[in-house]
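*Asks:* Please find the sequence and the predicted model below.
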Amino acid sequence: MSERLGEAESILDKKEISIKDYKRFREIGRLIKIEEQLYFASFDEALHLRLPEIAQKEGNWDWLEAEDEE
Amino acid sequence: MSRQTLLEKLSLQHESQIQRTLAELEAQIISDIAEHKRLLTSEVFTPEILRQKTAISIQLRNDFKKKFQNTFLAKSDSLIREYDQIVSEFMKEFGELNIPDKFKNLTKVDLEIIKALKKQTFDGFEEVANKYLTEINANVYQNVIAGRSFEDMVKDISGKLTGLEDRAGRPMSSHAGQLAHDSIMQFDAQFVKTKASSAGLTHFRYAGTRITTTREFCKKHIGQVYSEKKIKSIWSNDPEQGRSGNPFVVRGGYRCRHTWNPVDKDWVEKEEKKPEVKPKKKLKKNISSLSNPIKEKDITILPKSVVATELTKQITKNAKDKRYPYDNVRDRPVSRFQTTNIGKILGMDKLDDEIATKLLVIMQELDDLAIKYGVPKLRSININARMSAIMSMGDGNLKINYKYFNKINPSEKIQVMSDVKEISLATTFKLGDDLSNEITKYGKYQSSEKIKKIKASWKRPYNAFYYEDNKFDRMRSILYHEFGHQVHQMKNVEWRKAAFGYDHKVPIENKLHKFIPRINKTSASRYSDKNTQEWFAENFSLYHMGRKDLVDPRFIEFLENEVLK
């Protein structure tokens, strides 16, 4: 398992997630190897559920990266 | 990006940018008042104090005016500059019509028209700014003279700028938000009509999609092609058309999202010669339900255009469920996930016919699940390949990543749903097997030896869908998993209107966290260990896929005692 996948998982496991964590998670997603896509795909699904948590802290949705835009 | 998509995107972006700018303006105005708080709220009324209060009020007027110019009007100006994108998209579409080449480029006259239309739009924003500036100035002056408290002044200013509609009068945010939307659509309408007329085009199609708030009047005309004469006749005689004026500009009324698109002369001639075709009787195909799910071999593959029509009907109807709240201030359905395509399906063209048909089939089963669990049915689908997730769910809005499903997809070599190692684990694992040595956290391991050790420790497949022996049932399992999220998010959810948007309580999620404070390898997939929500969704999927032998007994206990009771 790559260090990146471990880092993505540790972001997801945080009790409180910030915009900085989100941006890092997205950066990792763009670098993830194809053979690790299987695991990252599930991390991404779980991260989606936490987006409102970040929006509530930020007071807006301007920080969304292309992966999450409509 | 099509012009229609661009218009929708710009409308949403501009509206939200205007709202943010007004919030910023409000903060600046309140900060100005706060600077003179002591004098302005003084209840001493000596001539000297009154003179000072009047002087400050006059100074504040000038300050407010500058702030309106530097925030709201500056933002309006920058947004209007983006209208050039609309012109560019329209010219691409216009260039594909069968018209003489000389009309396919922008002329000097066109540029003058664009300039005039932009000026007209800016005047509209300026008018709104002046109206509210005057009201705020008058209000501040009256409050200062009366010696009202600082809190009351703030409340009045907020009410006028970003407040709720049920306060006295309509706040600027609501007015300007609508203006931001309608200005884009009217700019487009006026420019399109001018270009079409100059090229001698006389027929137009009423274009756009249906959403939950689409007016009955618009529904009747979407997709129809009319001559200009006919349009004028319909628009002046139909009582359902609620806004008077030029039909090419007003279309369905305020906040209308529909456009008039010019149609080729060739098309009109061909259409006029076409004999009337009687609609064929519909054949009932691919019927499926939760209690009697269809098997892959019994599915008849339909063209995705047919699937799109059926799914659109289903989603449009589902989105009208009153359990999904509607934000009257922002004039849109509420979603904690800021979903903008509610009531719609985006990206249907990205799926191949087979996957589209299978989605349609399983969507019937998801509607059954909604009834069983007393939650609203799914209200939007967004199909794209931007995210890494296979699918995701948020407040009844489903996202699907087509790259994992389509068969005709030569650029992708991802085998997410057919990993040999994971499939093999699914064939051997049984609930109750010893999992004490299984390593499920990835950590920062890098050496190939350590990776081998981790992989060798696995007893369970990563996802519950690996327990299915064919790709169709894996897709079904994933959709059931996503619906599990719909259940814990939406079951008995309480929405409460707040100053800005909605607050909510999610009773099932709260109970879930208490019931399973810590997950420790109790389920049949490694992903269930991620958190309580994924634990719920993974077990929910296994439960409804008929794999109760693999469902965590604690899940059944929770489902029966807390969700289904």
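*Replies:* Now that the structure is in, tell me what you want to look at.

*Asks:* ok, now how distant is the nearest residue to B:Thr202 once chain neighbours are set aside from B:Trp235?
*Replies:* What sits nearest to B:Thr202 in space, not counting adjacent residues and going by Cβ to Cβ, 6 or more residues apart in numbering or on different chains, is B:Glu228, at 5.1 Å. (C-beta placed from N, C-alpha, C; glycine too.) From B:Glu228 over to B:Trp235 the distance is 11 Å, taken as Cβ to Cβ, to the nearest Å.

*Asks:* Check B:Pro293 too.
*Replies:* Counting by Cβ to Cβ, the gap from B:Pro293 to B:Trp235 is 48 Å.

*Asks:* Please say which of the two ends up with more neighbours.
*Replies:* Between B:Pro293 and B:Trp235, counted using other Cβ atoms under 10 Å in any protein chain shown, B:Trp235 has the larger neighbour count: 21 against 17.

*Asks:* can I assume that one is in contact with B:Gly253?
*Replies:* No. Using Cβ atoms under 8 Å, B:Trp235 is not in contact with B:Gly253, being 10.7 Å away.

*Asks:* Check which helices and strands the helix or strand where B:Phe248 lies sits against.
*Replies:* Assigned by DSSP states H and E, B:Phe248 belongs to helix B:247-250. When contacts are defined as 3 or more Cβ pairs under 8 Å, 6 or more residues apart in numbering or on different chains; DSSP states H and E, helix B:247-250 sits against helix B:172-198, helix B:228-237.

*Asks:* Select, out of those, the one closest to B:Ala389.
*Replies:* Across those, B:Ala389 has its closest neighbour in helix B:172-198 (30.9 Å, Cβ to Cβ).

*Asks:* The closest one - what's its average pLDDT?
*Replies:* Here helix B:172-198 scores 89 as its mean pLDDT.

*Asks:* next one: stretch B:517-526
*Replies:* 89.

*Asks:* Contact partners for B:Arg526?
*Replies:* B:438, B:440, B:458, B:460-462 (Cβ atoms under 8 Å, 6 or more residues apart in numbering or on different chains).

*Asks:* If we use 7 Å, what do you get?
*Replies:* Contact analysis of B:Arg526 by Cβ atoms under 7 Å, 6 or more residues apart in numbering or on different chains lists B:440, B:458, B:460, B:462.

*Asks:* where does it fall, phi/psi-wise?
*Replies:* Main-chain torsions, B:Arg526, degrees, to the nearest 10: phi -70, psi -30.

*Asks:* same deal with B:Val506?
*Replies:* According to degrees, to the nearest 10, B:Val506 has phi -120, psi 90.

*Asks:* and the residue nearest the centre of chain A, what pLDDT?
*Replies:* The structure's chain A has its C-alpha centroid closest to A:Phe25; by Cα atoms, centre = their mean the separation is 3.7 Å. Confidence at A:Phe25, expressed as pLDDT, is 96.

*Asks:* Surely it is in contact with A:Asp44?
*Replies:* No. Counting by Cβ atoms under 7 Å, A:Phe25 does not reach A:Asp44; the two are 8.2 Å apart.

*Asks:* Can you report phi and psi for the residue in the stretch 51-200 of chain B positioned nearest to chain A?
*Replies:* Proximity of the stretch 51-200 of chain B to chain A (Cβ to the nearest Cβ) peaks at B:Thr162, 12.5 Å away. Here is the backbone geometry of B:Thr162 (degrees, to the nearest 10): phi -120, psi 10.
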